[in-house]
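Asker: Quick one, fold the following:
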Amino acid sequence: MSSKRVVLVTGAIGGIGTAITKKFIENGDIVYLLDLDQEKVDQAVQQLGENAYGHRLDVSNEKEVHAVISKIIREHDRIDVLVNNAGLQYRAKIEEFPLEKWQQLIDVMLTGVFLMTKHVFPQMKKQRYGRIINISSVHGKMATPEKVAYVAAKHGVIGITSVAALEGAPYGITVNSVLPGPVKTPLLEKQLKDLYESEGLTEQEALVRIMYPRQAMNRFIEATEIANTVFFLASDEASAITMEHVKVAGGM
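Answerer: Next up, the predicted model:
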């Protein structure tokens, strides 16, 4: 295997995605930033340097997924690491949850993981090597009110991870999920602001009451802490780790 791995990261422009791409770039890997926002992808690629490439990608669109992955294989003849990180959020009580929002969240965070895995698997099986790391959430093993689609999708990611790990094991492919706790990203900061404004809480009261009822460390998780775990699971040091679901959540 080349010392430069070919790494694909979906949702590459968000807080966690940015930290993950930087970690692999710092290691000298070739990293493909995959995200919906072409302008932000282009900006990030320029900042990250010669080993960074970018494509606009809707992970819920199978034709786009197949086209982008096929192009990357033609360019490098391999895919070593896939990080399924694309995500979004919407909050509402079940009886008020719009079907279109349910479908959007499921499409991106669950169907997207399935499609990316489906289309990298043939190449990884051919080369008899691969690392797939799926970003689930502590909500993959617990629940919070008003997050029915998010919780359902993140539970589903754990299921996909386990099945893919079983199918990939004979071919040298490991598949694991990472379950972040509350990471201080722009997405979460907006959610938190909306919550403490709607309930009349101070930010600290919202943190104590809403974000940390079951968290031992009582702090945000840094995006770099998620990236470090992803990087380890993609390394040769983690060659015997597969079908694991690793919480990086400060004791939640």
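Asker: What number of residues are in the vicinity of residue 145?
Answerer: When counting by other Cβ atoms under 10 Å, one arrives at 11 neighbours for residue 145. The way it works is simple: take the backbone N, C-alpha and C, and place the C-beta from them, glycine included.
Asker: Then the one 5 residues further on?
Answerer: The burial metric for residue 150, expressed as a neighbour count using other Cβ under 10 Å, is 23.
Asker: wouldn't it be in contact with residue 89 here?
Answerer: Yes. Judged on Cβ atoms under 8 Å, residue 150 makes contact with residue 89 at a distance of 5.8 Å.
Asker: what sits in contact with each of those two?
Answerer: With contacts taken as Cβ atoms under 8 Å, 6 or more residues apart in numbering, residue 150 and residue 89 have residue 105 as neighbours in common.
Asker: Which stretches in the stretch 51-200 of the chain count as strands?
Answerer: Taking DSSP state E, counting those that start in this stretch as the test, the strands found in the stretch 51-200 of the chain are 52-56, 81-84, 130-135, 173-180.
Asker: For the nearest residue to residue 174 once chain neighbours are set aside, give me its contacts.
Answerer: Spatial nearest neighbour of residue 174, excluding adjacent residues (Cβ to Cβ, 6 or more residues apart in numbering): residue 242 at 4.0 Å. Residues near residue 242 by Cβ under 8 Å, 6+ apart: 165, 168-169, 173-176.
Asker: What's the PyMOL syntax to select whichever of these are buried?
Answerer: Buried members of the contacts of residue 242, defined by 16 or more other Cβ atoms under 10 Å, are picked up in PyMOL with:
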select buried, resi 165+168+173+174+175+176
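Asker: Please tabulate the contacts of residue 242 in a markdown table, including the columns distance to residue 14 and pLDDT.
Answerer: What follows is the contacts of residue 242, written out as a markdown table (distance: Cβ to Cβ, whole Å; pLDDT from 0 to 100):
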| residue | distance to residue 14 | pLDDT |
| --- | --- | --- |
| 165 | 25 | 98 |
| 168 | 26 | 98 |
| 169 | 30 | 98 |
| 173 | 26 | 98 |
| 174 | 24 | 98 |
| 175 | 22 | 98 |
| 176 | 20 | 98 |
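Asker: Pick out the most distant pair among the contacts of residue 242.
Answerer: 169 and 176 (11.8 Å; Cβ to Cβ).
Asker: How about the contacts made by the residue nearest the centre of the chain?
Answerer: Geometric centre of the chain, nearest residue: residue 85, 1.7 Å, by Cα atoms, centre = their mean. Residue 85 makes contact with 9-12, 14, 16-17, 20, 135, according to Cβ under 8 Å, 6+ apart.
Asker: ok, the residues you listed vs residue 81, which is closest?
Answerer: For the contacts of residue 85, the nearest to residue 81 is residue 9 (8.5 Å; Cβ to Cβ).
Asker: Let's see the pLDDT reported for the residue in the chain sticking out farthest from the centre.
Answerer: Residue distances from the centre of the chain (Cα atoms, centre = their mean) peak at residue 200, which lies 31.9 Å from the mean C-alpha position. The score at residue 200 is 79. That number is its pLDDT.
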